[in-house]
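**Student:** okay, sequence plus prediction incoming.
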There are 2 protein chains.
Amino acid sequence: MKETWFYETLFPSVRLGLKVKETLVSNKSQYQKISILDTYQFGKVLILDGVVQTTERDEFIYHEMLTHLPMLSHPHPERVLVIGGGDGGILREALKYPVKQVFLVEIDKKVIEFSKIYLSAICRNSFNDRRANIIIDDGVNFVKEGKGKFDVIIVDSSDPIGPAKVLFSSKFYGDVFNILSHDYGIFAQQTGSPFLQREELPHVYRRLKKIFPFVTAFFAAVPTYIGGLFSFVFASKGINPMKIRLSEIEKRYRKLKLKTRYYNPRIHHSAFALPTYIREAVEGKRNG
Amino acid sequence: MKETWFYETLFPSVRLGLKVKETLVSNKSQYQKISILDTYQFGKVLILDGVVQTTERDEFIYHEMLTHLPMLSHPHPERVLVIGGGDGGILREALKYPVKQVFLVEIDKKVIEFSKIYLSAICRNSFNDRRANIIIDDGVNFVKEGKGKFDVIIVDSSDPIGPAKVLFSSKFYGDVFNILSHDYGIFAQQTGSPFLQREELPHVYRRLKKIFPFVTAFFAAVPTYIGGLFSFVFASKGINPMKIRLSEIEKRYRKLKLKTRYYNPRIHHSAFALPTYIREAVEGKRNG
């Protein structure tokens, strides 16, 4: 029988290929092409404009790291804003905390609609949580309008090509700063593979450095995001995450009785170690 | 113009694809099919039996991590044994230390021959170093015959399918134990992707635990080894690497004036953090 393979089109000279059981969704929304495939290795896979966003099998790595690194670095996050994240994975993890409200601002309502139907293993019941406020809007507008303050803001978007590009601009970061709470205020965002998307993390890092007193990067390796380590930025008004002791993270983790499959306090503490060539790229030194 | 792509055949349902400029070597040796391709993203790539072994662009991550984690955990390594490693990358890194001798035991002389011609960016001058002893033999025989003792033994082989399978057996590990020096004696080996090769690290870990007093795993993310984090085992007669303080590793690193592009003492220290699902797999707990 003929095999069907999906090949990601993010990079011109390197590709991830996934063997496909079945195409569940192939849709063109107002913003992007949305596909959901059922695959042999990774279960159901959400693909936007040809790029893998999340999969049933490895989503826990990305969603746990992008949620718990900022959330556990904050002593008592109560109001959380997620921009993007229409698959509900970040929302699910953020709702594990005793938060008052989590706003999720997704530009493309179709992503949420399809995720509720096909990716229930990822979003679970999170869209129905009484603390969840789902808003269909451009994240850029939402932060500009500045309704209320947030303790933690997480951007879970596609790469800075297509509709998400504006979420990586200095203007956007300035607006994010303005709606973060004054005491601690933590912002986190994915910044791609420093190996294959070499400029992305250094650019974002330098933009944030002009606005936030504390900026650093952290890392995780996600199987379907090819290119070795995958990077995230962490920016805060009042918290240097590298100064929080392991024992304090352990205390918070235990107190919350968090259940996680990838994340743990030692992983948290270790995720801030920068490989030398990435440190040099972030600091603006030339590297081979 | 038609594009040429190489697709790795290691996994049945997930593939790495590399866009190819030119095929430099396509050879069948006594042991395996050897290919060297020039690719757009990763430069020259060594492929054995369809599986990517190393590439010019990302080899530094794998070679630095598999060499410096064991070498810097030892207070004064003088005699080093590398099994496999015919591309010369581990040899190159090990020769950065003031060692007396590095033995390299490669079963397939063709791998060394082709590496010297096409992968000089990886092996550089290491095969000509007066401290390097290159032996064409089966690593299993070499450790069984037990000529002399070694402070550090590194297995840099392909996966436990094909000719390298015996390098993952209890018998082999027992022979390795016997030829390690008594005081510290450190052994390290690659054990694949815990995500895609789920059984490999737990199996090796348990086998080593029956023989060595100290056994642990460490991790790095290598772009061309798909499957997220890539794992290694660390076993020792007298050293628990997780008890060596960061300041001690920093002291040794500075004293040796090591030049590395990925490795640094904080990366060393952080590489031993186990994600929860991997820790549970290694400890024998069920995980989803």
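**Tutor:** Arrived safely. Numbering: from 1, shown residues only, chains lettered A, B, ... in the order given.

**Student:** can you tell me which residues contact the one residue in the stretch 51-200 of chain A that gets nearest to chain B?
**Tutor:** When scored by CB to the nearest CB, the stretch 51-200 of chain A has A:Phe195 as its residue closest to chain B, at 4.9 Å. Glycine gets a C-beta too; all of them are placed from N, C-alpha and C. By CB atoms under 8 Å, 6 or more residues apart in numbering or on different chains, the contact set of A:Phe195 is A:227-229, B:58, B:223.

**Student:** now which of the residues you listed would you call buried?
**Tutor:** A:227-229, B:58, B:223 (16 or more other CB atoms under 10 Å in any protein chain shown).

**Student:** tell me the one among the contacts of A:Phe195 nearest to B:Leu167.
**Tutor:** Minimum distance to B:Leu167 across the contacts of A:Phe195 is 22.8 Å, recorded for B:Asp58 (CB to CB).

**Student:** re the thing from before, and the buried ones among the contacts of A:Phe195, which two are the farthest apart?
**Tutor:** A:Leu229 and B:Asp58 (10.9 Å).

**Student:** tell me who's in contact with the residue lying closest to A:Lys237 once chain neighbours are set aside.
**Tutor:** Closest residue in space to A:Lys237, ignoring its immediate chain neighbours: A:Gly185 at 3.7 Å, by CB to CB, 6 or more residues apart in numbering or on different chains. Applying CB under 8 Å, 6+ apart, we find A:Gly185 in contact with A:150-151, A:177, A:236-238.

**Student:** where does the stretch 51-200 of chain A have low pLDDT?
**Tutor:** Counting by pLDDT under 70, the stretch 51-200 of chain A contains no low-confidence range.

**Student:** do a quick rundown of the helices in it.
**Tutor:** Secondary structure of the stretch 51-200 of chain A (DSSP state H, counting those that start in this stretch): helices located at A:59-73, A:89-94, A:109-118, A:120-123, A:139-145, A:170-179, A:200-209.

**Student:** could you say which of the ones you listed is packed most deeply?
**Tutor:** Counting by mean count of other CB atoms under 10 Å in any protein chain shown, helix A:89-94 has the highest mean neighbour count of the helices of the stretch 51-200 of chain A, with a mean of 28.

**Student:** and it, what other elements does it pack with?
**Tutor:** Secondary-structure packing of helix A:89-94 (3 or more CB pairs under 8 Å, 6 or more residues apart in numbering or on different chains; DSSP states H and E): helix A:59-73, strand A:79-84, strand A:101-106, helix A:120-123, strand A:152-156.

**Student:** contact residues of the stretch 1-150 of chain A facing chain B?
**Tutor:** A:5, A:7, A:11-19, A:39-42, A:58, A:60-61 (CB under 8 Å from any CB of the partner chain).

**Student:** filter those down to the buried ones, PyMOL style.
**Tutor:** Here is the PyMOL command that selects the buried residues among these (16+ other CB under 10 Å):
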select buried, chain A and resi 11+13+14+15+16+17+18+19+39+41+42+58+60+61
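
**Student:** next step: the residues of the stretch 1-150 of chain A next to chain B restricted to strands.
**Tutor:** Judged by DSSP state E, the residues of the stretch 1-150 of chain A next to chain B include A:5, A:7, A:14-19, A:39 as members of strands.

**Student:** farthest pair within those?
**Tutor:** A:Val14 and A:Thr39 (18.8 Å).

**Student:** and the buried ones among the contacts of A:Phe195, which is closest to A:Met65?
**Tutor:** Nearest to A:Met65 among these, with distances taken as CB to CB, is A:Leu229, at 11.3 Å.

**Student:** what sits against that closest one?
**Tutor:** A:193-195, A:219-221, A:275, A:278, B:221 are the contacts of A:Leu229 under CB under 8 Å, 6+ apart.

**Student:** how about A:Ala188?
**Tutor:** A:Ala188 touches A:66, A:69-70, A:152-155, A:232-235, counting by CB under 8 Å, 6+ apart.

**Student:** and if you look at A:Ala221?
**Tutor:** So A:Ala221 contacts A:61, A:228-230, B:219, B:221, B:228-230 (CB under 8 Å, 6+ apart).

**Student:** what about 7 Å?
**Tutor:** A:228-230, B:221, B:228-229 (CB atoms under 7 Å, 6 or more residues apart in numbering or on different chains).

**Student:** and the nearest residue to A:Arg198 once chain neighbours are set aside, what's its pLDDT?
**Tutor:** Spatial nearest neighbour of A:Arg198, excluding adjacent residues (CB to CB, 6+ apart): A:Ala281 at 6.7 Å. pLDDT, A:Ala281: 95.

**Student:** kindly report the same for the one 5 residues further on.
**Tutor:** At A:Arg286, the pLDDT value in this model is 54.

**Student:** which stretch among the helices of the stretch 51-200 of chain A comes nearest B:Ala132?
**Tutor:** Among the helices of the stretch 51-200 of chain A, helix A:200-209 sits nearest to B:Ala132 (CB to CB), with 37.5 Å.

**Student:** which strands or helices does that closest one pack on?
**Tutor:** helix A:170-179, strand A:214-220, strand A:230-236, helix A:276-282 (3 or more CB pairs under 7 Å, 6 or more residues apart in numbering or on different chains; DSSP states H and E).

**Student:** so the third one, near chain B or not?
**Tutor:** I take that to be strand A:230-236. No - applying CB under 7 Å from any CB of the partner chain, one finds strand A:230-236 out of contact with chain B, separated by at least 7.9 Å.

**Student:** how big is the angle separating that strand from helix A:200-209?
**Tutor:** Calculated by axes from the mean of the first three to the mean of the last three CA atoms, to 10 degrees, strand A:230-236 forms an angle of 0 degrees with helix A:200-209.

**Student:** if we can go back for a sec, export the ones in strands among the residues of the stretch 1-150 of chain A next to chain B to TSV and tack on distance to B:Gly84?
**Tutor:** Converted to TSV, these look like this (distance: CB to CB, whole Å):
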residue	distance to B:Gly84
A:Trp5	31
A:Tyr7	31
A:Val14	25
A:Arg15	28
A:Leu16	27
A:Gly17	27
A:Leu18	30
A:Lys19	30
A:Thr39	33
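
**Student:** redo those as a markdown table? Include pLDDT.
**Tutor:** Shown next, in a markdown table, are these (pLDDT from 0 to 100):
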| residue | pLDDT |
| --- | --- |
| A:Trp5 | 98 |
| A:Tyr7 | 98 |
| A:Val14 | 98 |
| A:Arg15 | 97 |
| A:Leu16 | 98 |
| A:Gly17 | 98 |
| A:Leu18 | 98 |
| A:Lys19 | 98 |
| A:Thr39 | 98 |
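
**Student:** please tell me how far the residue nearest to A:Arg198 sits from A:Phe195.
**Tutor:** 10 Å (CB to CB, to the nearest Å).

**Student:** closest to B:Arg79 out of the contacts of A:Leu229?
**Tutor:** For those, the nearest to B:Arg79 is A:Pro275 (29.1 Å; CB to CB).

**Student:** which residues does that closest one contact?
**Tutor:** B:262, B:267.

**Student:** wait, A:Ser158 sits on A:Gly50?
**Tutor:** No - checked against CB atoms under 7 Å, the pair A:Ser158 and A:Gly50 is beyond contact range at 10.5 Å.

**Student:** who's more crowded, those two?
**Tutor:** Between A:Ser158 and A:Gly50, counted using other CB atoms under 10 Å in any protein chain shown, the more crowded position is A:Ser158 (20 against 13).
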